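K.L.:
following is a predicted model, sequence given first.
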2 protein chains.
Amino acid sequence: MIFDDFLRHRRGEQILPEDRAALESSVGEVRSLPARMTLVRKGEPVHFSTYLVEGLICRYMDDREGLRQLVAVHVPGDFVDLHAYPLKHLDHDLATLTACKIATVPHKNLDILMSDRPGLVKLLWFSTLLDAAMHREWIFRLGRLDAVARVGHFFCEIEAKLRAVGLSDGVSFELAMTQNDLGEACGITSVHMNRMLRMLKEQGLLEMRASRVQMLDRPALARLRARSESC
Amino acid sequence: MIFDDFLRHRRGEQILPEDRAALESSVGEVRSLPARMTLVRKGEPVHFSTYLVEGLICRYMDDREGLRQLVAVHVPGDFVDLHAYPLKHLDHDLATLTACKIATVPHKNLDILMSDRPGLVKLLWFSTLLDAAMHREWIFRLGRLDAVARVGHFFCEIEAKLRAVGLSDGVSFELAMTQNDLGEACGITSVHMNRMLRMLKEQGLLEMRASRVQMLDRPALARLRARSESC
DNA sequence: CGAATCTTTGAGTGGTTTCAAGGGCTGTGG
DNA sequence: CCACAGCCCTTGAAACCACTCAAAGATTCG
């Protein structure tokens, strides 16, 4: 089923079978998308929300020179732009990083869910709050960590998300992001990202070769968080 | 009434009188708090949410050396930690910046609202999505802007929030934050914040003296956003 | 096999931090 | 009323981290 992975990382929040069935039946269409395709542009009115089944999707904002800052990376099982439902439009852009399979859910179907299944509403709300919590981690990362630590922190986060839906064994996983993408997520240039990856490899913490990431020393990666800019 | 300023910055979302009355009646207690007091610590179970009536409240995370990164600054009219309601606990700390007047709303009262007033649920959800949108602005600010631009961007944002609830006339407003606080919000040191404020003053864009901010050239402040690190 | 994209590396520059010290303001107690 | 403590603001000098610019090597894809 399409929504099998939805909120799978939050076992505390069990989804009732009826609610899940309601979700399934609210799907408009299932589509395959190519890599690096813009789904929604900032400010456009949106009439459906996107659930990610396969692949990677990112949300980003850019300055007037067109330089991107990623604000989120989504993995399968994420309801990507549920935000657009109450807000009616997005304050940022949405694009695929890799080839993706998505399910679109028309907002009018969500309206029906809202009135019919109050329990599900809380779950959907909950799901957007997890996104917000993730945003806060990104703020912390960009505001308080130096480049190496940002990279370590980012990989820890993405690995945890992938593991929750069975796409990581805890050590090694696929991540089809370029060093430029990673830089746009961590607020550093692709050149510097390259140097940070080399540093992590030399220290035996993490290795990335051709879309395959190996977390060789997870505890050490997490510890980078303590070594902030100011120390 | 306590909730007069709730969502006042979003005229599109009118609150029904009955809904507002229901909100008012769900208030547990109204309290005055001193400046620089921690309200909720990360991870603690929370059984009520806080609505800010007067003063400034910040949310922050810190690294192991105790260095703070603010992730949000709240002004009167903000439902500060509605997040804690579906999530049951917070992933960050909550503290007053100035002396505050708050209204606490027990979660059991929110449970009643949830079942009785479905329209209100969407409004509360909406309110947390505005916070998330603000988080994204912060990510952008920290990831893509240099120090001057971050400061300009921050003041533009806080001014807009204050203006929405009548606490700014569009040019001048009270903001009882120290240069250290501002630095913790913008991801720079207090020393550098001092230099940036001097620079803004010398260029006639903004002046801050003893908690009073004067935005002398708002368009120019907003334009700083275009001059990213890479240019 | 060639073109495009991504990765890698070096050298030089610049923005921010750190360290350090002095000045100003406010509140408190003698 | 003055002295003092504490906190915040201010400024300078030096070190360092990350950026820019540039060019060459590797990989992917048509």
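P.N.:
Ah, there it is. Please read these numbers as outputs of a predicted model, since none were measured by experiment. Numbering: from 1, shown residues only, chains lettered A, B, ... in the order given.
K.L.:
is the residue positioned nearest the centre of chain A in a bridge, and if so with what?
P.N.:
Centroid-nearest residue in chain A: A:His74, 2.2 Å away (criterion: C-alpha atoms, centre = their mean). Going by DSSP bridges, A:His74 is paired in beta bridges with A:Ile57.
K.L.:
ok, the worst-scoring helix or strand of chain A on mean pLDDT near chain B or not?
P.N.:
The helix or strand of chain A with the lowest confidence, counting by mean pLDDT, DSSP states H and E, is helix A:84-87 at a mean of 88. Yes. Legend: contact between helix A:84-87 and chain B by C-beta under 8 Å from any C-beta of the partner chain is shown at A:Pro86, A:Leu87. Bear in mind the C-beta positions are built from the backbone N, C-alpha and C, glycine included.
K.L.:
I'd like the next helix or strand past that helix.
P.N.:
As assigned by DSSP states H and E, the chain's next helix or strand after helix A:84-87 is strand A:93-96.
K.L.:
can I get the CA coordinates of that following strand in PDB?
P.N.:
Listed next in PDB are the C-alpha coordinates belonging to strand A:93-96 (Å, rounded to 0.1, in the frame of the first residue of the first chain):
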ATOM      1  CA  ASP A  93      10.200  25.800  -4.000                       C
ATOM      2  CA  LEU A  94       9.800  22.100  -4.200                       C
ATOM      3  CA  ALA A  95      12.000  19.900  -6.500                       C
ATOM      4  CA  THR A  96      13.100  16.300  -7.000                       C
END
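K.L.:
pLDDT of the longest helix anywhere in chain A, averaged?
P.N.:
Under DSSP state H, the helix in chain A containing the largest number of residues is helix A:118-144. What helix A:118-144 shows for mean pLDDT is 94.
K.L.:
and for stretch A:179-196?
P.N.:
On average, stretch A:179-196 scores 98.
K.L.:
other residues contacting that stretch?
P.N.:
A:58, A:60, A:68-70, A:73, A:97, A:141-142, A:147-148, A:150-151, A:154, A:177-178, A:197, B:142-144, B:230 (C-beta atoms under 8 Å, 6 or more residues apart in numbering or on different chains).
K.L.:
thinking again about what came up before, next, see if the longest helix of chain A gets close to chain B.
P.N.:
Yes. Using C-beta under 8 Å from any C-beta, helix A:118-144 reaches chain B at A:118, A:121-122, A:125-126, A:128-129, A:131-133, A:135-136, A:138-140, A:142-144.
K.L.:
what's the ChimeraX line that selects buried ones from these?
P.N.:
A single ChimeraX command selects the buried members of these (16 or more other C-beta atoms under 10 Å in any protein chain shown):
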select /A:121,122,125,126,128,129,131,132,133,135,136,138,139,140,142,143,144
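K.L.:
for stretch A:211-221, what is the average pLDDT?
P.N.:
Averaging pLDDT along stretch A:211-221 gives 95.
K.L.:
for that stretch, what is the distance to the chain centroid?
P.N.:
In terms of C-alpha atoms, centre = their mean, to the nearest Å, the centre of stretch A:211-221 is set 19 Å apart from its chain centre.
K.L.:
which residues of chain A lie near DNA strand D?
P.N.:
Within reach of DNA strand D by C-beta under 7 Å from any atom of the strand, chain A has these residues: A:Asp146, A:Ala147, A:Val148, A:Gly187, A:Ile188, A:Thr189, A:Val191, A:His192, A:Ala210, A:Glu229.
K.L.:
run a quick neighbour tally on the first one.
P.N.:
This points to A:Asp146. 15 (other C-beta atoms under 10 Å in any protein chain shown).
K.L.:
how close does it get to B:Leu94?
P.N.:
A:Asp146 is 27 Å from B:Leu94, where distance means C-beta to C-beta, to the nearest Å.
K.L.:
now do A:Phe154
P.N.:
Using C-beta to C-beta, one gets 26 Å for the distance from A:Phe154 to B:Leu94.
K.L.:
any chance you could map the helices in chain A?
P.N.:
Using DSSP H, the helices of chain A run over residues A:17-25, A:84-87, A:107-116, A:118-144, A:147-164, A:179-186, A:190-202, A:218-223.
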